[in-house]
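Trainee: Dropping a prediction and its sequence here:
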Amino acid sequence: MRWRTWRRWHVYALVGTFGAIIVLLSFVATGVVVREIIQRERQSVRFYAEMLRIFADPNRETDPFLFVLLDYIVPTISFPVVVTDPQDEPLYPYIQNTLNVGLDSSWSADVQRRYLKGWVEKMRQEFPPVSVVDLRGVELARIYYSTSELVRWIRWIPYVQAALVSALLLVGWWSVGLLRRAEESRLWVAMAKEAAHQLGTPLSSVLGWLELLRQHPAGVESQEILQELEQDVERLQGVAVRFSHIGARPQLAVEPIAPIVDEVVGYLRRRLPQSKRISIEQSLDQSVRATVNRELLAWAIENILKNAVEAIEQPPGRIQLRLTTSGDVARLEIRDSGRGIPLGMQRRIFEPGFTTKRRGWGLGLSLARRIVEQYHGGRLYLKESSPTTGTTFVIELPLATEKENPRPDGEGSPALSS
């Protein structure tokens, strides 16, 4: 699936799946660590029980080394331990037969006993006791124990991670929503400005022609002015058609590309700033055909040409258009002799709202890319740009085949959106 066809819920599903995998792996890893710690703690209890068995044997001479070993082993036991008799009564003296249970020596013996009985009851539910048995198999004592604080904390780690992942997903969802709404707001503002910009050129021409008609109410010049007025009115109608396509699925048809380019260039050539002395050179393969919407493709080409005109600051200016084929692709190169695009900004030129112009609103190239790529299945990219050579944009469209018969209602193509 191509990235631009993904929806927001696809991203959420991907991030959510990734987060679930992390949490699951955390549960598995935590389980392995906890089992390993519990196994080691049980081994410590068994060793402790063996030491008690040796000390309790009256017929065996105790090696002094065992006392030293016991002094080293006992401090390493960091989990609660209570030693009882075979009837689960805590052994007295209680302080000497317990570890890490928080027993206060200032309490009375009865209070200490009841306190330890509570511990024994909880420990019995967690782990079975380890028996201290003499050589004849007689049970001398029982050692009850519980998990250490370390194990309890480790067990909480996956739940904390799950909570953090959930919180991050919620914050991400909320942040993306804010960014989306902010982008939509910027796009609506940019769209309004783009509409004013699109309407501005033909309206200015109409006003100019009307003023000339007032000065020359009759004659040959009036006929020429009326022709220009007719073209500007058609231009206004074309702008209305362009914006009517936004949010809809315009019709596609197999069209030759060269006449579309000629039409756009012809309209702009008569309205170029005279001070820049811009020449437009064309090298167009008349046989190149593609499945396009004529009005929208003309809009995309016009936006690129207008950027080229605005980029030219020093006369004389030059714009070159070259239409060729490359394999099964129609290729239109638009090169200008303008100031170029700074290297640090080249990756952002197609972002909605981004512009390098003082009075720009950054929608022309974004709309052009959407028209070419989302609707026509083509490609629009910046080929090169520098202050010395100017800028070159390339539009690539799939060539039409003889058998190609596009659907008249544009079904199967994405709707153009801002």
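Mentor: Happy to help now that I have it.
Trainee: what's the pLDDT at residue 341?
Mentor: As predicted, residue 341 sits at a pLDDT of 88.
Trainee: Tell me, please, where in the stretch 51-200 of the chain the pLDDT is lower than the cut-off.
Mentor: For the stretch 51-200 of the chain, the stretches with pLDDT under 70 are 56-74, 176, 180-200.
Trainee: mind listing the helices for it?
Mentor: Assigned by DSSP state H, counting those that start in this stretch, the stretch 51-200 of the chain shows helices spanning 64-73, 109-126, 149-215.
Trainee: Please enumerate residues in contact with the second one?
Mentor: Pointing back at helix 109-126 there. Contacts to helix 109-126, defined as Cβ atoms under 8 Å, 6 or more residues apart in numbering, come from residues 80, 82, 84, 88-90, 92, 94, 98, 101, 103-104, 107, 129, 144-147. (Each C-beta comes from the backbone N, C-alpha and C, glycine too.)
Trainee: Hmm, residue 291 is touching residue 251, no?
Mentor: No: Residue 291 lies out of contact with residue 251 (Cβ atoms under 8 Å); the separation is 10.5 Å.
Trainee: Please say which of these two ends up with more neighbours.
Mentor: Higher neighbour count among residue 291 and residue 251: residue 291, with 19 against 15, using other Cβ atoms under 10 Å.
Trainee: list the helices and strands the helix or strand hosting the more buried one packs on?
Mentor: Assigned by DSSP states H and E, residue 291 belongs to strand 289-292. Contacts defined by 3 or more Cβ pairs under 8 Å, 6 or more residues apart in numbering; DSSP states H and E place strand 289-292 against strand 253-256, helix 257-269, strand 390-398.
Trainee: Which positions in the first one come out as buried?
Mentor: In this case it means strand 253-256. Residues 255-256 are the ones in strand 253-256 that count as buried (16 or more other Cβ atoms under 10 Å).
Trainee: what lines up beside that strand in the sheet?
Mentor: strand 289-292 (antiparallel) (DSSP bridges).
Trainee: For the strand it pairs with, buried residues please.
Mentor: Buried residues in strand 289-292 (16+ other Cβ under 10 Å): 289-292.
Trainee: This structure - how does it break down into domains?
Mentor: 3-147, 152-222, 249-398 (automatic domain parsing).
Trainee: For residue 236, find the nearest of those domains.
Mentor: Closest to residue 236 of these, according to Cβ to Cβ: domain 152-222, at 5.1 Å.
Trainee: Pull the contacting residues for residue 338.
Mentor: Per Cβ under 8 Å, 6+ apart, neighbours of residue 338: 308, 310-313, 317, 390-391.
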